[in-house]
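1. Below are the sequence and a predicted model; questions follow.
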Amino acid sequence: MSKIEKMVQSITPRDDDFARWYTDICTRAELCSYSSVKGCIILRPYGYAIWELITAELDRRFKATGHENVMMPMFIPEGLLQKEKDHVEGFAPEVAWVTHGGDEQLSERLCIRPTSETLFCDHYAEIIQSWRDLPKLYNQWVSVVRWEKTTRPFLRTREFFWQEGHTAHATAEEAVKETLDMLDLYAEFFENALAIPVLRGLKSDSEKFAGAVQTFTVEAMMHDGKALQSGTTHYLGDGFAKAFDIQFTDKDNTLRYVHQTSWGISSRSIGGLIMVHGDDEGLVLPPAVAPYQVVVIPIAQHKEGVRDEAVKLVEQLKAVGLRVLLDDSDRMPGWKFSEHEMKGVPIRIEIGPRDIKEGQCIAVSRDNREKTAISLQQVAKEVPVLLAELHKRIYQRAKRNLEDRIYDVDDWESFVETMATVPGFIRAGWCGSPDCEAKVKEVTTATSRCISGQDVPECALCVVCGKPARHSVYWGKAY
RNA sequence: CGAGGUGUGGCGCAGUUGGUAGCGCGCUUGCUUUGGGAGCAAGAAGCCGCAGGUUCAAGUCCUGUCACCUCGACCA
């Protein structure tokens, strides 16, 4: 069997079967393994390292905007979950229950948190007395459980890892501002850390969070044109406060209910990274969340001086704060190239006897495989530039993919036709009626991804019923 | 929950009319190699998902059961 055949075998080509390509990358790049429980994955060291970098990037942003981390229990007593009517209706079908402690049946069953609004509310009712106690800007990094029927690594798992922010404010205005500020923070994170451009907007009533007044979302487009809801922020109003009796004495000595928000980003974002940037060679990681930003591969390292030069190179790069791996294993160089491409390492540096003679090394960018010869004295200066350029390139490529595949359509027939034949989003007017929205879903399987913040032109009509449009909506098929 | 499919070394698979398990990759050790997945040699590793049944004899046939996969349905 030829070498080329071997390489082709190792991973399903992206355009042949996107779904298989995706799961191939998950396992071949050693991000995760399937566990013995359906829908629960094992995050392997490489996958977990990416998640750690994602959490570090986000956590830094949360702290900088005044949020504090806490840790709530993982169990919610049934009675507590049921306090807010819409909330329990939304989540009840997919919660896992604990019914026994040892051999004894519990007097009240406990659900394993699918999300923690109820726990935070219960706690807030206890600790919030005065306007001086507000705002409460809490966040937690935990896993939650939702008993999904169809599961896929990272994209939809029964247990997943996330952060959930929960805040309580004295006024509605302040809570709404928090909701929008966090939406902006999420969008900035996706663009600057993950190099993923997003659309941000409001969810329709049928798509919003159970118990929320308004849900905002950042939606990303995957390489195959499907949408991935990547982060949501919810304005909860005072509905939870009333259900949980979270009141405070305001400056004018009257009792008021708090106004709340919640917001989350999950390990699903790793799935987004794969599906936005990956190619037939494997993963492509943006430098900010790459466990190794540079891999140094010595060629013929047993030869005089090669390993020493490689070690010096690594030290230079580490000294400027880069995450660097020296791959001095006894594999063949070609094997190492393929392996680190599979893992999405942004920059590979080759250094062999030939280069050392020239006083240089060869840097190869993962996304375009372009080779640059760099003088050994200049690596610490040049490599960060290459990393920044790579980030910019993969962001721009993803942005073109998003923008080129948004279609403006104003009649129902072309809407159905476009949705059936062309991958991507459709931007079209919507009257706001749930019936029209439901019809889109029924006929095309696409859903309203978000309502754009832009004003609707006077003349615009609902693409379904033809009545005057109240919103401009992005429609698409979603993961 | 409906329809279909698959369970055999770590992974991917073969196993014919029933006769007591094999291939590729990977793994271990040694030597030679090293600029796109190296070569040679010697090794280790499987009661064939589980439980019954038929048979002199079951990976293979029958019954039951469990798990997983695909497509639907479902999925704040």
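-> Everything's here; your move. Keep in mind the model is a prediction, meaning the values are calculated, not measured.

2. helices or strands up against the longest helix along chain A?
-> Among all segments of chain A classified by DSSP state H, the helix with the greatest residue count is helix A:379-404. In this structure, helix A:379-404 packs against strand A:214-221, helix A:268-277, helix A:306-319, strand A:347-351, strand A:360-365, strand A:371-375, with contacts taken as 3 or more CB pairs under 8 Å, 6 or more residues apart in numbering; DSSP states H and E. The way it works is simple: take the backbone N, C-alpha and C, and place the C-beta from them, glycine included.

3. Distance from it to the middle of the chain?
-> How far helix A:379-404 lies from its chain's middle: 19 Å, per CA atoms, centre = their mean, to the nearest Å.

4. Ok, stretch A:333-351 next?
-> That offset, for stretch A:333-351, works out to 25 Å (CA atoms, centre = their mean).

5. Repeat that for stretch A:296-308.
-> How far stretch A:296-308 lies from its chain's middle: 39 Å, per CA atoms, centre = their mean.

6. which of the residues in that stretch are buried?
-> Using 16 or more other CB atoms under 10 Å as the test for burial, stretch A:296-308 gives A:Val296, A:Ile297, A:Pro298, A:Ile299, A:Gln301, A:Val306, A:Arg307.

7. I'd like the C-alpha coordinates of that stretch written as PDB, please.
-> Provided in PDB are the C-alpha atoms of stretch A:296-308 (Å, rounded to 0.1, in the frame of the first residue of the first chain):
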ATOM      1  CA  VAL A 296       9.800  21.800  16.800                       C
ATOM      2  CA  ILE A 297      10.800  18.700  14.800                       C
ATOM      3  CA  PRO A 298      14.500  17.900  14.600                       C
ATOM      4  CA  ILE A 299      15.400  16.100  11.400                       C
ATOM      5  CA  ALA A 300      18.100  13.400  11.700                       C
ATOM      6  CA  GLN A 301      18.400  14.300  15.400                       C
ATOM      7  CA  HIS A 302      21.100  11.700  16.100                       C
ATOM      8  CA  LYS A 303      23.500  13.700  13.900                       C
ATOM      9  CA  GLU A 304      26.000  16.000  15.400                       C
ATOM     10  CA  GLY A 305      24.500  19.200  16.900                       C
ATOM     11  CA  VAL A 306      20.900  18.800  15.600                       C
ATOM     12  CA  ARG A 307      19.200  18.000  18.900                       C
ATOM     13  CA  ASP A 308      21.200  20.800  20.700                       C
END
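
8. Not counting its own residues, what contacts it?
-> Here stretch A:296-308 makes contact (CB atoms under 8 Å, 6 or more residues apart in numbering) with A:309-310, A:313-314, A:317, A:324-328, A:333, A:336-337, A:340, A:348-354, A:356.

9. so how far is A:Gln140 from A:Leu155?
-> If you measure A:Leu155 against A:Gln140 using CB to CB, to the nearest Å, the figure is 22 Å.

10. Comparing those two, which shows the higher neighbour count?
-> Neighbours per residue, other CB atoms under 10 Å: of A:Leu155 and A:Gln140, the larger number sits with A:Leu155, 21 against 18.

11. On the pLDDT front, check A:Lys3 for me.
-> Per-residue pLDDT puts A:Lys3 at 36.
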